[in-house]
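> missing the sequence, but the structure's below:
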């Protein structure tokens, strides 16, 4: 199996969130982790405004703090590929933690491998279920409270939460076309450039 011609189908589910928020994607096995982060941001509809880490086995991958003030540093996600995590840890499940305050834990299951395939046009969104929670809502418990408040006109926080969050928020409605377009835009940006030889 050559990593350069291998793709993997991943199912990514937001932990402890109801209704379910899930995305299914196909990504190249050689995708750098900082790009996997951007892919998940695009697929879920996050705004990429917080820190992130990937966790597998005993390893942590993220963007190291240049000042190094916060204890042991994660391995640099900009210099690590998905294939490195798989080879080093043997993991079939990886956790993607986004926003250390709200602690959104995305469970990434590596579901199916595609060997000897082209990775052109990847990453690609296959399925999407559930709307992503609003940023800074307070993690899974805060999101549950938010949904209670906006769905109950008699809730003391109803009006405040309704005005604070996105207009007409429905946790079950997914703008799949928008997420597909956002993920496709990344594959276009990251497409290998063909070298052109100048004629003398």
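The structure has been received and is ready for your questions. Quick caveat: nothing in here was measured; it's all calculated off a predicted structure.

> going by C-alpha atoms from here, please, whenever you check contacts or count neighbours.
OK.

> roughly how far apart are the residue positioned nearest the centre of the chain and residue 9?
What sits nearest the mean C-alpha location of the chain, by CA atoms, centre = their mean, is residue 40, with 2.2 Å. Using CA to CA, to the nearest Å, residue 40 is found at 13 Å from residue 9.

> so who does residue 152 touch?
The neighbourhood of residue 152, defined by CA atoms under 8 Å, 6 or more residues apart in numbering, consists of residue 158.

> measure it to residue 17 for me?
Residue 152 is 19 Å from residue 17, by CA to CA.

> for residue 143, same thing?
For residue 143, the distance to residue 17 - CA to CA - is 8 Å.

> what's the answer for residue 125, then?
21 Å.

> checking the residue nearest to residue 44 when sequence neighbours are not counted next. Helix, strand or coil?
Spatial nearest neighbour of residue 44, excluding adjacent residues (CA to CA, 6 or more residues apart in numbering): residue 132 at 5.8 Å. At residue 132 the chain is in coil, as set by DSSP: H, G, I helix; E, B strand; the rest coil.

> ok, residue 191 - how many residues close by?
Neighbourhood size, residue 191 [other CA atoms under 10 Å]: 13.

> in a strand, the residue nearest to the centre of the chain, correct?
No: assigned with three-state DSSP, residue 40 falls outside any strand and is helix.

> separation between it and residue 58?
22 Å.

> how is the chain carved up into domains?
Domains of the chain are assigned by automatic domain parsing as 3-132+171-189, 134-170.

> using CSV, lay out those domains together with mean pLDDT.
Compiled in CSV, the domains of the chain are given as follows (pLDDT from 0 to 100):
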stretch, mean pLDDT
domain 3-132+171-189, 94
domain 134-170, 94
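
> could you pull out the helices for the chain?
For the chain, the helices defined by DSSP state H cover 33-44, 82-89, 139-151, 158-164, 176-189.

> can you give me the buried ones in the longest one?
In other words, helix 176-189. Residues of helix 176-189 classed as buried: 176, 179, 180, 182, 183, 184, 185, 186, 187 (neighbour count, 16 or more other CA atoms under 10 Å).

> CSV for the helices of the chain, including distance to residue 51?
Below are the helices of the chain laid out as CSV (distance: least, CA to CA, whole Å):
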stretch, distance to residue 51
helix 33-44, 10
helix 82-89, 18
helix 139-151, 14
helix 158-164, 23
helix 176-189, 20
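
> helices or strands up against the longest strand that the chain contains?
The single longest strand within the chain, with elements called by DSSP state E, is strand 104-114. Judged by 3 or more CA pairs under 8 Å, 6 or more residues apart in numbering; DSSP states H and E, the packing partners of strand 104-114 are strand 7-14, strand 93-98.

> ranking those by burial, who's on top?
strand 7-14 (a mean of 23; mean count of other CA atoms under 10 Å).

> now do that strand: which elements does it pack against?
So strand 7-14, by 3+ CA pairs under 8 Å, 6+ apart, packs with strand 22-28, strand 104-114.
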